[in-house]
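Visitor: any chance you can model this:
(chains A and B)
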Amino acid sequence: MVSYENSFQLREEPPAVAASILLNFEVGRLGGRPLPLPARTAAEREGRFLREELGLYRERQCVLSEHSLNKAEQRIARAATLDKALLVEMAGGNAAAAELLVANLMQQQQQQQQQQQQQQQQLTVGALPTVTEEPEGANADGTPAPGAPGDVPQSEVLRLPPPGTPPQPGQAQEALLGSPGAEGQPPAQQPQQPDPVQTGAPGAPDGALTVTGPGPEDAAAAAAAAAAAAGPTPIQDPMFAYQWLDENGLMVYVPNPLKLDRERPARRYDQDKEMNRTYVRRPMVESAASLRGGQRLYRLDIELGRLEFLVHPAMAQEDLLAARLLALFRELKQREAVGLVMYYANRLAALEDSLLGAREKLFALQATEAAVDDVLDAYAMLAKIEREVAELRQLKEEEEALLTRAVRAMERLYGQLQTVRQQQGYALTNLELTVQTKPPLEMAWKQGVLTRERLDVMLVAAELEEVAGLPKFPDPLPVPEYAELPLLPVSNAPAQPGMPGAMGGMGMGMGMGIYGGQQQQQAAAQQQQYAFRLRRCETMCAAHGAALTEATTRLETLKNRPSADPEDPEVKALEERLALLGRAPRRIAATAEELYELQQKAAEMVRAGQVCVSRMPHLVPILTINPDGQLSLQQQQQQRGMFQQPYMPLQPGMGPQALPQAPGQDQMQQPGMPVPLTQPPPPKPSLKNGGKGRYYIRLFVNGHYVDASDVTNLGDNFVGEFKDIYSRFPESIAVHIFERNPIRDQFVAQVFVAVPGLAGSPHVDALARPYRFTAVTPFRTRQPLEGGMPMMPESTSVDPNSYGYMAVFPAGIMYVRCGWVADRVAPGSRLADAVMPQAVVTYDNPLADRPMGQGSPGGGGAQGGQAQGMGWPDIEAGKNLMPPQPSVPVDRILRRAAERIGGKVNRAQIMRWLSQNVIDPNDPRNAPLLELLKTHEANAGNLGDLFRLDIFPDVAMREDRAADKRMNVLARRWQAGIYRAPDKNLLKGVRSVPLPAPLSASEATALDPTYLDQLALLEEASGGTQLALARVMMARHEKAMQLQIGALLTSAIKEREERVRAFLLRVRAAAARMAGGRMMARRFRTEDVVNDAPLPQFKLELGALTQLLAPRRPLKRSKKLVKSLMTSVPRETQLMVTIQRAANLPARMADAGGGGIGGGGGGGGDDRNRRRGGRRTGRESRAGGGGDGDAAGDDGPSGAPDRMAAQRNCFVEVRFRSIRERTVAVPGEFPIFNEEIDLDVFRDDGRDQQQQGADDGSGLEPSPSALQANTDLITFNVFDEIIVEPSEHVALRRRDDDVSDPVRLPERERRFLGCIRVPLSAVYQLQVLEGTFKLEVPPVVLGYVQTSDRPATISVYMTLRPRLAAPAGEVDERITSGEQAEVNRHAQRWLAGLLARPQCRSRVLKVMAVDADGAALLVCRYVSPTVLPPAHAQLVSGGGTAAAAGGVEGLMLKLARFVSHVPYMEDNSVQKRRNDIWTTSSEFLHLSGGDFEEHAHLLAGYFLSLGLQCFVVAGTSTCGARSNFVLTTGQPLPAAAGPATGVPSASLNLNPELLRLWNPVTGSVVAAKDPTGEMREIGQLYDGTNIWANTQPSGRPWEMRWNLGVERDWLPFFGNKSGLPMREIASLQTTPLYEELDPRFYEELESRVEKRVEEALSQTRAVGAFMTRPDNKVSRLLKSLLREMPKIHEAISAASLAASAALAATAGSGPTEAPGYLAERHKLIAGLQASHNERIRREARSEAAHGHILALPFSDQYLEAVSEAVINTGLHRVANDRVRFSAAAYVEPLGASFVCCMWIYVAAIRGGVA
Amino acid sequence: MGDAPAPTSFTILATGQIECAEIPDCTNAYLKFQFVAGEDWQLLDGLEEGITQAARVPEGRDGVLVWNFPIDITYKTTNAFGWPQLVVAVYGLDVFGRDVIKGYGCMHLPMCAGRYTQTLRLFRPRSASLLQSFTSWLTGMPAEFSDPKFPSYGEGREVTRVQSGGSVKVQVNLMTKDMDVFGYVDGSGRDPALNAVIHM
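Guide: Predicted coordinates for the structure are as follows:
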């Protein structure tokens, strides 16, 4: 029945909605379901349904949402109750009318229903519907009034006929109807439907008609008629079928009640999920007591049984030997039983077969020239198989060797046993050993027709085969180490000392402690050395691959250099080899006969046993225990002794090797007398103390002593019987065996007894279990008394130690039986009596005892009883035989398990461990553990590892590595120390590198590599800026690339870096140690952190007076005086550079100026024009050979350059950081510039940061220390400027340009002539750096000639503005002095005294230097003679030839050159802002890198070892603020300049004429008198004995007095009046080790440098959009020219050494006369240049060329240095398209690793033929 | 666990103002401030350094330089190391209009959320000698730290001598976010363990 009352709700709403009928249909009632519980109704009322997806209830929301207007309309349309009028009304929008109609309709229907109900109530007396029914009905009847929304819930209760009324025919139908209703689509016709059915009208079609029929009246009538005809009717209603269709005419469908897949309500456990609990039914405890209802009490009985000694101190030697033999035998058999040999052999054979197949396939493919891919596939396949074969064969052979060794050892043992028997004349034991030799097991292998022999033949044949490009048969193929093949030699042998060792791990387990291992050594010596050897056929691929790779890489290296020559014989040889090798191994073609021969030979070899593998015979030891006892043995022995027969009959299968010891034994027996035929002596020597000793046993349960057994005597067979039974409750049971001695009992061994019943074992041991034991402490053997046994004569001759056991570790077996017995069993009764045999059962097999569970009354526990009571045995009920288990909580089990792991008590770790290792998840007994684990996992997953600030408990445990790692990461992160550098915090670049702190241990472990990587990156990037980072990344990338190209070079460099890093670590460690665990921090000075007003200095300036008095010279610009002198560094600091003049510059060669390049000097326009005209005419008349230019060109190379014609138009470029400034170009050989250039050092506006950021990160905050540490170079480049007219020869281009740009500016080209470099720190230290300096001129400048005899110079003046005074003295750090206290004190006083003098204030003075271990030592200790490098030492020892080659001077030059080419490495790179570390020469050479002082010490050491007097000069030079030079005096070393003789004043009075200053870094030498020298201010001199401080007013070497004995001028450290006397000073230096690298290193370096030069040129040119065309032909020429350079260079430097001395001599007298030496030098240089010029011109057939030779030492950034040097020459600036570039490099090794000279030749050639 | 992904960093947000300073014998001054934070700290928003207007002491008894300069800065990080510091430097203007340092001061931002009023005591380096102090007075260039962030370091302090004088009053409101996730109890009364449970 239906109520439409809900529709009233909507009445209030505007009629636009038309009508809507809300149907609520309670289906539960329909289906006959019980009424909902009150809770549910309440829930329903509140609109909140329990979410039970049972298909019956839905949430009200869902229900409501389906009653959309649309559907409601459809339903209405379907409903028969709607008539046309209603529809019309609805369509017309007359809502009120429609409502009225509906209301009428409903009223009528309700009336009908009421009638029916009344009828039914009359019919049936049943349970009345709910009480609310009647009033509601009345309400519905009477007032279908609006405004009753409140009772909506009530109205839902339908008035249905009470269910369960018997004559309800429609009930079934109603149920059917109910189900569509359950779907929430109460069809609109439904409410009507029951009517005809209920009334049971036979004219149901009528009813249906009435539904669609004319009006409600008819329907009512029909209903009434139907009601009248009541009666049960079957379902024949057509409408019934209609019910199966929904309002759209579609099939109404209901969800299939059969679920497709299994599912459970969510609240249940899904068995497929992990959260599943395993229930294990534990075995129930069985006891008779439980049946009786008593308490279940159990008891553990421990029954001690026999005690058998296998090794016993009282045993005779023979017994011991026998026991050992037995043990060996046992172990061997165990090993054999595994059957490894056969397993390996079978696999090996199969693999070998496939190897042959693969090999043939490869060869066949090669022969038929198959596709590359196929060949390579086959190749790879073969390589793989080969490797496998080799590995497997090694395994097999080792296993075989092991077994063989074991058998041999047994034989030896048996031999000893025999000897012992021989000696004593009787046998105590009844062991016999026979060894059968059988053919190797693998010989039995067979597969089809392929037998092992056949396979061997084939393998040997493969072995014999020749493979192209690889060595022939007898030689093994070369295999590189990195091939993944088994190791070649296995000769090192932990396993080798033989059997006792190899097997002996087990043998020892038996307690065979042997004191005096001589025997073993003998045994080892007897072993044939087994070594695994790779076969040829196993290594073919690897060898081929290696050969191929090597050849390819080498060829690549050779080919990839720009100067590569395809005609090089080396290259050709390599190419041939490559061709021979091919891409895969190839068999050398052979004829059929040859092949046949090969096969024959192989077969022969196999027959002869040469199978190329080691194959050991299969030895079968047979150990017989003679049941007849010793008697027969003895007899046998005696017989043997008499008849000298072999003591064993040969067995049929026995090979010749069966008894190797037999001959030896015969030998031993032969000399001796035959064994006396006495009767066997009394079998046991009777001993006191009760024979073998008396033993008792103590029982420990749970670690507590419980009881002791009776004492038992050992029987003859070393077996004692205990008959004790203990009844205790156990957790762990230990049995201690003691030997009863009269005075003190001695502990022998401890045996742990397994507690039965634990872990599923039966609760009663079925039999006594044997427990092996071995004593931990040795026992002295109790040998029988000497007299008690007959001594054999041999015994005296035999070394008693050979197999005499002086002490043994007793070992044996203890038999114990334990079992749980019920309490009622009387204590002390034997287990066998107390325990029923059937009590021992297995658990967890419920079916096993099912019948028993039913049958036996003893088997029934409580459950069993139940099961019986139910008449059905519970299968799952375990057998109730379980003893009480110790109640150990799971946690405790875990913890105990953890103790086994290693004492970690951390719960999480235990969990991890358990989950990883131990637990078998399938074992039901582990279920609780697993569950626990799961729980923890779940918890851990949810919570995560919480971060905590304090230390983890894990961290506290040292062994927790993950946590340590975290600490490491944090510590390193902290040490990376980029946090507080003030200039870096601003840079966001740092932040671009994510470096989060690791929070948890696991994170640290996971991210550790990343962090370390990034940290390393940051450490490498000194600035921490983005740029630096990028650079480092690039460098890494490049390194990776390089490793691919030049492996040798890169690995060598890498190794060097490793060394440096190791050294650095050492320094750091030392620093940390010295500073008491604290890293030595930077020591700040106040000036560093505080900007203070400068201290005013009051000084009388007399210079101003002299200036006033001086003649006025208006043309000479006077220097602007920078007056104020400041100690602190202001923010605005500028570097003021005045370039005064240059001198002696080389000149353009006449033709170079005239030919090809237009433009001469900057003399003037007319000059240029004239020249251009000349050139034009020259070009035009070239064919005729006329023209002045060409004529000059022809003459140029040969003749001396005409000074008048020489042209130059030079300017100076100053580079500082990224700033470049240049002067104007001034013509002439002696150009005068007089220009002042100001460069910013620090600027307040922050721009300096950008400036220096491009260069390096060393530009720092303005502070003195930063300035002092600054290594920024000020570079002065002298260029010749050539102004090139717009290139007219490129006609096309000019035409183009004419269109767009008719006015072309002349292009300026520059030619590099020379440079000087001065570090900023030197300027700072000196305040003013002024003077004339020699230009660093390339040895050859192409296109230029040296016109002057003298070297080119430049005069500059540099100072900082405002003028800054360098801080006085050293920055003292907290250093630990290694010297005596008085020396320390004196050093301080001495220094302080010196610094007090104004002239010494800023000089370099240093008494102590910090060595690598952090101790400060006197600088004298660093100077001592040093062994010469090998090459030079040869020269010295050669004597005569050395003298001829230039004498001592030549040698000195060579040495200086050597030293100068040891790579220079700034200390700054070692560690920022640290003390300068002085290393010894050996460390210096080892690191192959060092600072100024290291170079100087090395050079001084060499000079000293040559017997020359020399000093090390510390001072300021143009090379650096603190540089060390070497001063040679030209005198031999004073013979006895020791402290004993006092001050040898004669030797200290130096002759200034002979003094020479050697620059150890550049290798140049100047006389001390030479004012152009690099050393500008000398601070102190020192040698191995003393230090002299310069106290003269001038520090310039050419102005100084050089008598060191005069204290006024030179203040000595030792031996002055107030100070310490002279003393012997031990040197710190040790003999250096000279290493040399592979020559190919230099080769690779050469090609790398060459490449780099090219790249540098082309890249820089590419920036200017210029093409760079290489000319490789010229490159080759350049290379050959370079190779000649070292010799010429040597000659030049020798000449310039002489010349500089001569110059120095004439220093004062002016440049008028040129000494002869200069002329010679000049001649050399000029000749060299001329020859180069000419040869290049001829080769290139060019008009002109210009270029340079550069020589560089190796350094850390050699590539950067190379490109910098090349770019610095400005060669790339040539803007001419026709120019071709050539470059060549030549690396000249100088005799030690990394000491080499990189010669670079770059040239630009214009014109010439393409 | 909640639906939102676990935070990868925690955030602190400080707002407030540099209120005023009380410096004897200084009537006209401005203040430069800087935030100095550790490596991990990433600036999310706000100015890390700034300079206030020049303030004058009003006539009257309580001679206080009032700036009321707002600060507003947000950092995020993963750990507390290098907690942000506020470094201030007060510069006075002397009669010639030259900037003369009056004092440096430094403080850590508060660690816990809340509103704080902090007083920074000021100090400034002293000249090395009397003569220098005299000349610096003459030239109007008293000694100052070469690095403005120097007050926030420990390194190098041992070689300085300073003189104290005056104080700056700063008022900070600090908020934190997600600190508990990283295991820091930030004093907000929220228990990290409890939170973890709630989020679960």
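
Visitor: hmm, which helix or strand of chain B has the shakiest average pLDDT?
Guide: Least confident helix or strand, chain B: helix B:192-199 with a mean of 54, by mean pLDDT, DSSP states H and E.

Visitor: what ranges do the helices span in chain B?
Guide: Taking DSSP state H as the criterion, chain B carries its helices at B:130-139, B:192-199.

Visitor: shaky segments in the stretch 51-200 of chain A?
Guide: When residues are selected by pLDDT under 70, those of the stretch 51-200 of chain A lie in A:51-103, A:105-106, A:109, A:113, A:115-200.

Visitor: could you list the low-pLDDT ranges of the stretch 301-450 of chain A?
Guide: In the stretch 301-450 of chain A, residues with pLDDT under 70: A:428.

Visitor: residue ranges for the helices of it, please.
Guide: A:317-338, A:340-367, A:372-424 (DSSP state H, counting those that start in this stretch).

Visitor: would you indicate which residues of the first one are buried?
Guide: With burial defined by 16 or more other C-beta atoms under 10 Å in any protein chain shown, the residues of helix A:317-338 counted as buried are A:317-329, A:331-332, A:335-336. Quick note: C-beta positions are derived from backbone N, CA and C, even for glycine.

Visitor: for that helix, packing partners?
Guide: Counting contacts by 3 or more C-beta pairs under 8 Å, 6 or more residues apart in numbering or on different chains; DSSP states H and E, helix A:317-338 is packed against strand A:298-311, helix A:372-424, strand A:431-438, helix A:504-509, strand A:618-625.

Visitor: in its sheet, what does the longest strand anywhere in chain B sit against?
Guide: Taking DSSP state E as the criterion, chain B has its longest strand at strand B:162-177. As defined by DSSP bridges, the strand partners of strand B:162-177 come to strand B:10-22 (antiparallel), strand B:114-125 (antiparallel).

Visitor: the most centrally placed residue in chain B bridge partners, please.
Guide: By C-alpha atoms, centre = their mean, chain B has its centre lying nearest to B:Leu86, at 1.9 Å. Beta-bridge pairing for B:Leu86 (DSSP bridges): B:Phe35, B:Met107.

Visitor: double-check A:Met1452 against A:Phe1503; I have them as touching.
Guide: Yes. Between A:Met1452 and A:Phe1503 there is a contact at 6.7 Å, judged by C-beta atoms under 8 Å.

Visitor: common neighbours of these two, please.
Guide: Shared contacts of A:Met1452 and A:Phe1503, defined by C-beta atoms under 8 Å, 6 or more residues apart in numbering or on different chains, comprise A:Thr1528.

Visitor: next to chain B, which bits of the stretch 501-650 of chain A? Give me the list.
Guide: For the stretch 501-650 of chain A, the contact set with chain B under C-beta under 8 Å from any C-beta of the partner chain is empty.

Visitor: counting neighbours, which bits of stretch A:1768-1788 end up buried?
Guide: Here stretch A:1768-1788 shows A:1768-1774, A:1776, A:1778-1788 as buried, counting by 16+ other C-beta under 10 Å.

Visitor: what's near enough to touch the closest residue to B:Val66 other than its chain neighbours?
Guide: Distance criterion C-beta to C-beta, 6 or more residues apart in numbering or on different chains; nearest residue to B:Val66, sequence neighbours excluded, is B:Cys20 at 4.5 Å. Residues in contact with B:Cys20, defined by C-beta under 8 Å, 6+ apart, are B:Val64, B:Leu65, B:Val66, B:Trp67, B:Asn68, B:Val168, B:Lys169.

Visitor: and those, which of them are buried?
Guide: In these, burial by neighbour count holds for B:Leu65, B:Trp67, B:Val168, B:Lys169, counting by 16+ other C-beta under 10 Å.

Visitor: from the residues you listed, which is closest to chain A?
Guide: Relative to chain A, the closest of the buried ones among the contacts of B:Cys20 is B:Val168; by C-beta to the nearest C-beta it sits at 20.8 Å.

Visitor: touching, that closest one and B:Thr117? I think so.
Guide: No. Using C-beta under 8 Å, B:Val168 is not in contact with B:Thr117; the gap is 11.3 Å.

Visitor: could you point out the helix or strand that follows whichever strand or helix holds A:Ser1658?
Guide: Using DSSP states H and E, A:Ser1658 falls within helix A:1639-1663. Per DSSP H and E, the first helix or strand lying C-terminal to helix A:1639-1663 is strand A:1669-1670.

Visitor: and the nearest residue to A:His1497 once chain neighbours are set aside, what is it in contact with?
Guide: Setting aside the residues directly before and after it, A:His1497 is nearest to A:Tyr1422 in space (C-beta to C-beta, 6+ apart), at 4.9 Å. With contact set as C-beta under 8 Å, 6+ apart, A:Tyr1422 has these partners: A:Ala1409, A:Trp1478, A:Thr1480, A:Glu1493, A:His1497, A:Ser1627, A:Leu1628, A:Gln1629.

Visitor: wasn't the first one part of a strand?
Guide: What it means is A:Ala1409. Yes. The assignment for A:Ala1409 by DSSP: H, G, I helix; E, B strand; the rest coil puts it in a strand.

Visitor: how about low-confidence regions in chain B?
Guide: For chain B, the stretches with pLDDT under 70 are B:1-5, B:61, B:186-200.

Visitor: please look at B:Tyr75 and B:Glu39 and confirm they touch.
Guide: No. Here B:Tyr75 does not reach B:Glu39: they are 11.9 Å apart, not a contact under C-beta under 8 Å.

Visitor: A:Gly1450 contacts A:Glu1690, doesn't it?
Guide: Yes. Counting by C-beta under 8 Å, A:Gly1450 touches A:Glu1690, with 7.5 Å between them.
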